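Peer 1: Let me see the structure of the following:
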Amino acid sequence: MTRDDRDRPAHHRAVTSLQNPTVKAVRALDMRKVRRETGLFVAEGASVLVTAREHGWRPKTLLHQAGAADGGIHRELVAWAAGSGAEILEVSEAVLGKVASKDNPQSMLAVFQQAWQPPPDACGVPPEAVWIGLEEVRDPGNLGTIIRTADAVGAAGVMLIGTCCDPYSREAVRASMGSTFAVPLVRTGREAFLQWRRSWPGEVVGTHLAAAEDFRAVTYRGPTLLAMGSEGPGLSEDLAAACDRLVKVPMAGRLDSLNLAVATALMLYQIRGPHLRL
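Peer 2: So this is what the prediction gives:
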């Protein structure tokens, strides 16, 4: 043990081997199966971890590159992790390079417990609330971007309906830019959703290629549940039938549909527009 190791708190260790059990466990969280079994996920980057801290999340493990926590916000985040009782590893650049994302790798990452919420209680939904129901979304980049947009407009939460990609995958968390820590997430099967939908006190609005109404010409009556279908197929017949209103985004080009995250953003800003101020 070096003098530097003796000076560190018991939960703060220097690691240079990829065979370290904690390092191996963090790497394993790249697999959805492991995330499902453990209920854990990885978030990368100081700015994302600051968002987690601001929303009261507590990391279970923190990895940072040697020297990266010598000052500023990195030191604050290490102190926050220590105060949360997290295991803290100061890892070599080579180790972090194997654990962090290959695209734009960060000098700090943390492991958190996933936080799934139950569907909202219809009796407690305020009239101005907007929830987003995503049916079988498959692209984690789209999902993360939608969560980020939901945060930006002040949406109440996101419901994942049916077989969706994992919002706690690294790709989705990265695309959310930290909004994963701010937006309530619900997961439910299609049948369970349709049953819950019967108690929804407001309007359910879906986008559909066969719709005749321009999404900009509609007066939205809150609370609003915005139903968006998967990339390609769109809303299933069952969910489309469960909507009070179907709307469409008009297009002048040859394409007949938009990217899911873009379409959802257009809808959210149209619905939430009256409540947004600079």
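Peer 1: Now do G222, the pLDDT please.
Peer 2: For G222, the model assigns a pLDDT of 86.
Peer 1: helix/strand/coil for it?
Peer 2: coil (DSSP: H, G, I helix; E, B strand; the rest coil).
Peer 1: what sits against it?
Peer 2: 127-130, 202-203 (CB atoms under 8 Å, 6 or more residues apart in numbering). C-betas here are computed from N, CA, C, even on glycine.
Peer 1: so which pair among the residues you listed is furthest apart in space?
Peer 2: E128 and E203 (12.6 Å; CB to CB).
Peer 1: returning to that earlier point: I'd like to know which of the contacts of G222 are buried.
Peer 2: By neighbour count, with 16 or more other CB atoms under 10 Å, the contacts of G222 hold 129-130, 202-203 as buried.
Peer 1: Tell me, how many residues neighbour the residue lying closest to T38 once chain neighbours are set aside?
Peer 2: Nearest residue to T38, sequence neighbours excluded (CB to CB, 6 or more residues apart in numbering): L29, at 7.3 Å. For L29, the neighbour count with other CB atoms under 10 Å is 19.
Peer 1: per-residue confidence for L29?
Peer 2: 97.
Peer 1: dump the residue contacts of the residue most central in space within the chain.
Peer 2: Geometric centre of the chain, nearest residue: T180, 3.3 Å, by CA atoms, centre = their mean. Taking CB under 8 Å, 6+ apart, we find T180 in contact with 43, 144, 147, 167-168, 172-173.
Peer 1: and which of the residues you listed is nearest to Q106?
Peer 2: Closest to Q106, out of all of the contacts of T180 and judged by CB to CB, is A43, at 9.5 Å.
Peer 1: Report the buried residues of stretch 118-132.
Peer 2: 119-120, 125, 129-132.
Peer 1: Tabulate those (TSV), appending pLDDT, secondary structure and distance to A263.
Peer 2: Below are the buried residues of stretch 118-132 laid out as TSV (pLDDT from 0 to 100; DSSP: H, G, I helix; E, B strand; the rest coil; distance: CB to CB, whole Å):
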residue	pLDDT	secondary structure	distance to A263
P119	95	coil	23
P120	93	coil	23
V125	93	coil	24
A129	96	coil	21
V130	97	strand	15
W131	98	strand	17
I132	98	strand	12
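Peer 1: Those: which two are farthest apart?
Peer 2: Going by CB to CB, the pair spanning the buried residues of stretch 118-132 furthest: P119 and V130, at 14.8 Å.
Peer 1: Now do the closest residue to R272 other than its chain neighbours against G162, distance only.
Peer 2: In space, and not counting its chain neighbours, R272 is closest to V153: 4.2 Å by CB to CB, 6+ apart. Here V153 is placed at a distance of 24 Å from G162 (CB to CB, to the nearest Å).
Peer 1: picking that back up, need the residues touching each of E128 and E203.
Peer 2: 222-223.
Peer 1: Check which helices and strands the helix or strand where A94 lies sits against.
Peer 2: Secondary structure assignment for A94, by DSSP states H and E: helix 93-99. Helix 93-99 sits against helix 21-28, strand 61-65, with contacts defined as 3 or more CB pairs under 8 Å, 6 or more residues apart in numbering; DSSP states H and E.
Peer 1: Tell me which of those sits nearest to V249.
Peer 2: V249 sits nearest to helix 21-28 of all the helices and strands packed on helix 93-99, at 40.7 Å, using CB to CB.
Peer 1: looking just at contacts, which helices and strands does the very next helix or strand once past that closest one meet?
Peer 2: Per DSSP H and E, the first helix or strand lying C-terminal to helix 21-28 is helix 32-38. Here helix 32-38 touches no other helix or strand, going by 3+ CB pairs under 8 Å, 6+ apart.
Peer 1: Low-confidence regions, this structure specifically.
Peer 2: Counting by pLDDT under 70, the ranges of the chain that qualify are 1-13, 16, 68-71.
Peer 1: so where do the strands sit in it?
Peer 2: Taking DSSP state E, the strands of the chain run over residues 12-15, 40-44, 61-65, 87-91, 108-113, 130-135, 157-161, 185-188, 203-207, 213-214, 224-228, 245-248.
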